[in-house]
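Novice: Structure for this input, please:
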Amino acid sequence: MDPQAFIRLSIGCLGIRFSGTAVTTAKSGISPFSSPCVCEIRLRGFPVQTTPIPFIPSPEATPNSQSIASSFYLEESDLKALLTPGCFYVPHASLEILVFTGRKGTHCGVGVKRQQIGSFKLNVGPEWCEGKPVTLFNGWIAIGKNRQENGKPGAELHLRVKLDPDPRYVFQFEDGTKLSPQIVQHQGTVKQPIFSCKFSQDRMSQSDPLSNFWSNSADGSYQDNERRERKGWKVKIHDLSGSAVAAAFITTPFVPATGCDWVAKSNPGAWLIVRPDPCRAESWQPWGKLEAWRERGIRDCICFRFHVFSDGREGVDFLISEILINSEKGGEFFIDTDRQVQAAATPLPSPQSSGDFAGLSPVASGFVMSCRVQGEGKLSKPRVQLAMRHVTCVEDAAIFMALASAVDLSIEACRPFRRKIRRGSQSW
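Specialist: Numbers count the residues shown, from 1 in each chain. A predicted model of the protein is given here:
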């Protein structure tokens, strides 16, 4: 499998300090020591990212060198656009960081505005396309126009801006997951078949190895009334030889909560993600659990919570990802330790018992995978990206295809139960 080139732009090691004793601007009356500082990190063509900036109290202190406040992932087309003069109606695209003090919001019904105290700008250059690790900036820099009487800058920002190659494998489901599609790998303009996906909704036979994991939802006569519950869904991922290399199936049915017609957080539906057991033929080993439910609001969202089991043991698991996806428009499920705050630096076990996954730590792992899906009532063809450094064999990629299938099907499984199906859309 050949990866596609991606670049990871990371901004980290953030800190801010003010020279002299407690500096208070006469015009604003805002003390930087009492008001939190935040920054908006902007790169043309990407959503603005906002993050707090730690205050550095003494000249001898330095920010956390391991911290990463923000990351952007750029593919070849992104770099080409950024380097094209006038592409974004500016002569030269740049990374821009705007620093503010004060909280944004309202107080007693009166709007409270943040005050911008400075900015940092770094132009996009040819070195961004070289595909090599490079530190674009690392250290302190004066920001803003305010200076003290002794000529020293009133505010200084510390940051590290770094580029790292982050090649990825890109996969695409050729059709909707329920239609048992082929899964291809994208290599530039070339599409290469790599997996097949087999969806089933029938009662499992006792000869199916997955029946050992099956919950009570599959016991007894199979009389699924999906007006009241959705269960019995199973997806198997096969390699080109026809061997099953990963699977996902519902273990906790998707049922409406008491007094409403949707799956609620109090009783989420759940999938078990499994891989072949290397020690026993025709056996499966648990790898992860995906929970999903619906949150009602102005815009309904499907909430996902993904856990990975330690050494394939159920009951000993680590929370890896919590994601909200717009139920109407769809969105992206991802595992990315740069974009999520983890409660503890817990390694992510490998989908291979040999440890091929190398153990991912929230400090150094960064991007692991992403899966883009459509909203409910739309034909979804999931697009999956995997970081090359976490994939050493076909089986490593297959387990994430099973996870992507479960994410896609959960959008449907979380639909309100009393909603009428529109003519022309897929039925249950």
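
Novice: in stretch 116-126, what's buried?
Specialist: Residues 117-120, 122, 124 are the ones in stretch 116-126 that count as buried (16 or more other C-beta atoms under 10 Å). From N, CA and C alone the C-beta is placed, and that goes for glycine too.

Novice: tell me the mean pLDDT for the longest helix along the chain?
Specialist: In the chain, taking DSSP state H as the definition, the longest helix is helix 394-413. Mean pLDDT, computed over helix 394-413, is 95.

Novice: Kindly export that helix (C-alpha atoms) in PDB.
Specialist: What follows is helix 394-413 as a C-alpha-only set of coordinates in PDB (Å, rounded to 0.1, in the frame of the first residue of the first chain):
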ATOM      1  CA  VAL A 394      -3.400  -4.900   5.900                       C
ATOM      2  CA  GLU A 395      -5.000  -6.100   9.200                       C
ATOM      3  CA  ASP A 396      -4.100  -2.800  10.900                       C
ATOM      4  CA  ALA A 397      -6.100  -0.900   8.200                       C
ATOM      5  CA  ALA A 398      -9.000  -3.400   8.300                       C
ATOM      6  CA  ILE A 399      -9.900  -2.800  11.900                       C
ATOM      7  CA  PHE A 400     -10.400   0.800  11.200                       C
ATOM      8  CA  MET A 401     -12.600   0.000   8.200                       C
ATOM      9  CA  ALA A 402     -14.800  -2.000  10.600                       C
ATOM     10  CA  LEU A 403     -14.900   1.000  12.900                       C
ATOM     11  CA  ALA A 404     -15.800   3.400  10.000                       C
ATOM     12  CA  SER A 405     -18.600   1.000   9.100                       C
ATOM     13  CA  ALA A 406     -20.000   1.200  12.600                       C
ATOM     14  CA  VAL A 407     -19.800   5.000  12.600                       C
ATOM     15  CA  ASP A 408     -21.700   5.200   9.300                       C
ATOM     16  CA  LEU A 409     -24.400   2.800  10.300                       C
ATOM     17  CA  SER A 410     -24.900   4.500  13.700                       C
ATOM     18  CA  ILE A 411     -26.100   7.600  11.900                       C
ATOM     19  CA  GLU A 412     -29.000   5.500  10.600                       C
ATOM     20  CA  ALA A 413     -29.500   3.600  13.800                       C
END
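
Novice: if you look at the buried residues of stretch 116-126, which of them are in helices?
Specialist: Among these, no member falls in helices (DSSP H).

Novice: Tell me the one of those nearest Lys80?
Specialist: The nearest member of the buried residues of stretch 116-126 to Lys80, counting by C-beta to C-beta, is Val124 at 10.9 Å.

Novice: unless I'm mixing things up, the closest one is touching Ser94, no?
Specialist: Yes - taking contacts as C-beta atoms under 8 Å, Val124 lies within contact range of Ser94: 6.1 Å.

Novice: Make sure Val255 is actually in contact with Pro268.
Specialist: No - applying C-beta under 8 Å, one finds Val255 not in contact with Pro268, separated by 9.9 Å.

Novice: Between those two, which is the more surrounded one?
Specialist: Higher neighbour count among Val255 and Pro268: Pro268, with 21 against 18, using other C-beta atoms under 10 Å.

Novice: what about Ser380, is that helix, strand or coil?
Specialist: Recorded secondary structure, Ser380: coil (DSSP: H, G, I helix; E, B strand; the rest coil).

Novice: which residues touch it?
Specialist: 173, 176-177, 330, 373-374, 408, 411 (C-beta atoms under 8 Å, 6 or more residues apart in numbering).

Novice: Going through those, which ones are buried?
Specialist: 173, 176-177, 330, 373-374, 408, 411.

Novice: what's the weakest-modelled helix or strand in the chain?
Specialist: The helix or strand of the chain with the lowest confidence, counting by mean pLDDT, DSSP states H and E, is strand 105-107 at a mean of 50.

Novice: Once you drop chain neighbours, what's closest to Asp175?
Specialist: Pro181 (3.7 Å; C-beta to C-beta, 6 or more residues apart in numbering).

Novice: For Ser77, what are phi and psi?
Specialist: phi -70, psi -30 (degrees, to the nearest 10).

Novice: oh, and call the first residue 4 from now on, that's how I've got it
Specialist: All right, first residue 4 from here; so that's Ser80.

Novice: Starting from Ser324, give me the distance back to the most centrally placed residue in the chain.
Specialist: Using C-alpha atoms, centre = their mean, the residue of the chain that lies closest to the mean C-alpha position is Phe337, 2.5 Å off. Using C-beta to C-beta, to the nearest Å, Phe337 is found at 7 Å from Ser324.

Novice: residue contacts, the spatially closest residue to Glu298 that is not a sequence neighbour?
Specialist: Using C-beta to C-beta, 6+ apart and skipping the chain neighbours, the partner closest in space to Glu298 is Cys304 (4.8 Å). Residues counted as contacts of Cys304 (C-beta under 8 Å, 6+ apart) are 297-298, 327-330.

Novice: for Gly333, same thing?
Specialist: 375-378, 381, 383, 414.

Novice: Mind listing the residues bridging to it?
Specialist: With DSSP bridges applied, Gly333 shows beta-bridge pairing to Asn329.

Novice: separation between it and Cys417?
Specialist: For Gly333 relative to Cys417 (C-beta to C-beta), the value is 13 Å.

Novice: Lys384 too?
Specialist: In terms of C-beta to C-beta, Lys384 sits 19 Å off from Cys417.

Novice: doesn't Leu82 fall inside a helix?
Specialist: Yes - read with three-state DSSP, Leu82 is one of the residues of a helix.

Novice: Spatially nearest residue to Gly15, not counting backbone neighbours?
Specialist: Spatial nearest neighbour of Gly15, excluding adjacent residues (C-beta to C-beta, 6+ apart): Ile71 at 4.0 Å.

Novice: Count the residues that sit near that neighbour.
Specialist: When neighbours are counted by other C-beta under 10 Å, Ile71 comes out with 22.

Novice: give me the element the residue nearest to Glu43 when sequence neighbours are not counted is part of.
Specialist: Of all residues not flanking Glu43 in the chain, Leu101 sits nearest, at 4.6 Å (C-beta to C-beta, 6+ apart). Using DSSP states H and E, Leu101 sits in strand 97-104.

Novice: Kindly provide the whole-number mean pLDDT of that strand.
Specialist: 92.

Novice: So for that strand, what gets flagged as buried?
Specialist: Quick answer for strand 97-104 (16+ other C-beta under 10 Å): 97-104.
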